[in-house]
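Visitor: Could you work out the structure for the sequence below:
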Amino acid sequence: MIAVSTIFECFKKFEVNFFTGVPDSLLKYFCAYLSDNLRDKEHIIAANEGAAVALATGYHLATGKIPLVYLQNSGLGNAINPLISLADKEVYGIPLILMIGWRGEPGVKDEPQHIKQGRVQNALLDAMEIPYRILDATVSDIESFIESIVNLVKAKGAPVAIVVRSNTFDSYKRIKKEESNYEMMREEAIATILDCLNGNEIIVSTTGYTSRELFELRVARGQGNRNDFLTVGSMGHTSQIALGIAINSARKVLCLDGDGSLIMHMGSLAVTGNSKVENLIHVVLNNGAHDSVGGQPTVGFQINLKEIAHACGFAHTFSLSEKSELATTFKSILSLKGPVFLEIRTKKGARADLGRPTKSPGENKSNLMNTLGIR
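Guide: Coordinates of the predicted model:
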């Protein structure tokens, strides 16, 4: 496998000095190395992939140099608009390098939400006329590989992609770690919330560890997931799925969101807040990290989510971090007319034996719709 220090030094040698993007599990060691070895203005974890392309564009306009944008291929959709309407040669012609983690590569076992994306990924790049080169552990001359990429970007004067296969980078353990003093783990918070419910509520949970933990908690309690929508993909859109259900159902609807997901498409917070829907509770489990893809930090602990939600029109807003407060607060929230916003600050991390949902997305959808009386 390739040492992340090696590829980083190669980028630096060819004057690629600015990095931005959204963390990916296949690129987590590379992202961790960037966080340890670059200043804040040299490495910015963006709100979403499209924003990262815009950040990279601004960097190039101010310096004339080539930036790098890293992303999981599931985020390619977020980046398509600025890649085609901003960075493309036929518009502004912004030379930048995309580093894309190839989830769902054909023939490689992966989760359901990645299969289609992995299959069509390279066809999407071809359709956008973005040339790409595949990087995997068999590439022995990294310096020549990076030099060829940089030369291609300069010649094209527009984006060029590096598609990174699974198990390409050697492991790297972060030296600098963002630690929080909050007492609750995310799974503890979810369990406490479940204890407060009467069983009639609908839960929409965000992608990553949150849906996995909700699924396993339900199984352990013998409850099943007939009332839950486990959003295994579509990061950032969980709240709007919940809103769409709440508007069209008399049941109480609970959205279990994450800080990274909320920040990715924060405009949805304003739409929910102004919806005046009374049966929706939006819970953000804020651990200040992109937890399931390497634990890279978000700005979740640097902003006041409660005040933002209030400004966006939520009828009631709460923020807490103590486990002793959660049950009492949540039980009182259940009687309020919404939309209601609750931030729960937690530690990052998950238990080592955490599994994945054993039901397919199609089964999950059918079961929920049956619960809602839609046959």
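Visitor: Surely residue 343 and residue 305 touch.
Guide: Yes. Counting by CB atoms under 8 Å, residue 305 is a contact partner of residue 343 at 4.6 Å. To be clear about C-beta, it is placed using only N, CA and C from the backbone, and glycine gets the same treatment.
Visitor: Could you tell me which residues touch both of the two?
Guide: Common neighbours of residue 343 and residue 305, using CB atoms under 8 Å, 6 or more residues apart in numbering, are 284, 286, 319.
Visitor: Tell me which entries of these lie within strands.
Guide: In strands, defined here by DSSP state E, the members of those are 284, 286, 319.
Visitor: Neighbour count added to these, as JSON lines?
Guide: As requested, those are arranged in JSON lines below (neighbours: other CB atoms under 10 Å):
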{"residue": "284", "neighbour count": "25"}
{"residue": "286", "neighbour count": "27"}
{"residue": "319", "neighbour count": "17"}
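Visitor: quick one: which of those residues is nearest residue 135?
Guide: Residue 135 lies nearest to residue 286 out of those, by CB to CB, at 33.9 Å.
Visitor: Name the nearest residue to that closest one, ignoring sequence neighbours.
Guide: Among residues not flanking residue 286 along the chain, residue 259 sits closest, at 4.2 Å (CB to CB, 6 or more residues apart in numbering).
Visitor: Number of residues surrounding the one you found?
Guide: Using other CB atoms under 10 Å as the criterion, residue 259 is surrounded by 27 other residues.
Visitor: Also residue 58?
Guide: Neighbours of residue 58 using other CB under 10 Å come to 13.
Visitor: How much space separates it from residue 86?
Guide: With distances taken as CB to CB, to the nearest Å, residue 58 is found 11 Å from residue 86.
Visitor: Same question for residue 9.
Guide: The value you get for residue 9 to residue 86, if CB to CB is used, is 30 Å.
Visitor: Looking at those two, which is more packed in?
Guide: Each of residue 9 and residue 86 had its neighbours counted (other CB under 10 Å), and the higher figure belongs to residue 86 (17 against 14).
Visitor: Surely residue 314 is in contact with residue 343?
Guide: No. Here residue 314 does not reach residue 343: they are 11.1 Å apart, not a contact under CB under 8 Å.
Visitor: Phi first, then psi, for residue 195.
Guide: Backbone torsions of residue 195, given as degrees, to the nearest 10, read phi -60, psi -20.
Visitor: Let me see the contact set for it.
Guide: Applying CB under 8 Å, 6+ apart to residue 195 gives the contacts residue 327.
Visitor: Check residue 216 too.
Guide: Shown in contact with residue 216 (CB under 8 Å, 6+ apart): 354, 355.
Visitor: rerun at 6 Å
Guide: Shown in contact with residue 216 (CB atoms under 6 Å, 6 or more residues apart in numbering): residue 355.
Visitor: Check residue 324 too.
Guide: When contacts are counted by CB under 6 Å, 6+ apart, residue 324 is found next to no other residue.
Visitor: Recalculate using a threshold of 10 Å.
Guide: Residue 324 is in contact with residue 183, counting by CB atoms under 10 Å, 6 or more residues apart in numbering.
Visitor: mind checking the SS state of it?
Guide: Taken by DSSP: H, G, I helix; E, B strand; the rest coil, the conformation at residue 324 corresponds to helix.
Visitor: Going forward, count from 271.
Guide: Okay, using 271 as the starting number, the last item reads as residue 594.
Visitor: so what pLDDT did it get?
Guide: Note for residue 594: predicted pLDDT of 92.
Visitor: can you pull out the strands in the stretch 271-420 of the chain?
Guide: Listed in chain order, the strands of the stretch 271-420 of the chain (DSSP state E, counting those that start in this stretch) span 289-291, 313-315, 338-342, 367-371, 402-405.
Visitor: Extract the C-alpha set from stretch 533-546 and format it as CSV.
Guide: Presented in CSV, the C-alpha positions along stretch 533-546 are these (Å, rounded to 0.1, in the frame of the first residue of the first chain):
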residue,chain,number,x,y,z
ILE,A,533,-24.1,21.4,8.1
MET,A,534,-23.9,19.8,4.6
HIS,A,535,-27.3,21.3,3.6
MET,A,536,-28.0,23.8,6.3
GLY,A,537,-30.5,25.7,4.1
SER,A,538,-33.0,22.9,4.8
LEU,A,539,-33.1,24.0,8.4
ALA,A,540,-34.8,27.3,7.3
VAL,A,541,-37.3,25.4,5.2
THR,A,542,-38.2,23.1,8.2
GLY,A,543,-38.4,26.0,10.6
ASN,A,544,-40.7,28.0,8.4
SER,A,545,-42.9,25.0,7.6
LYS,A,546,-44.9,25.4,10.8
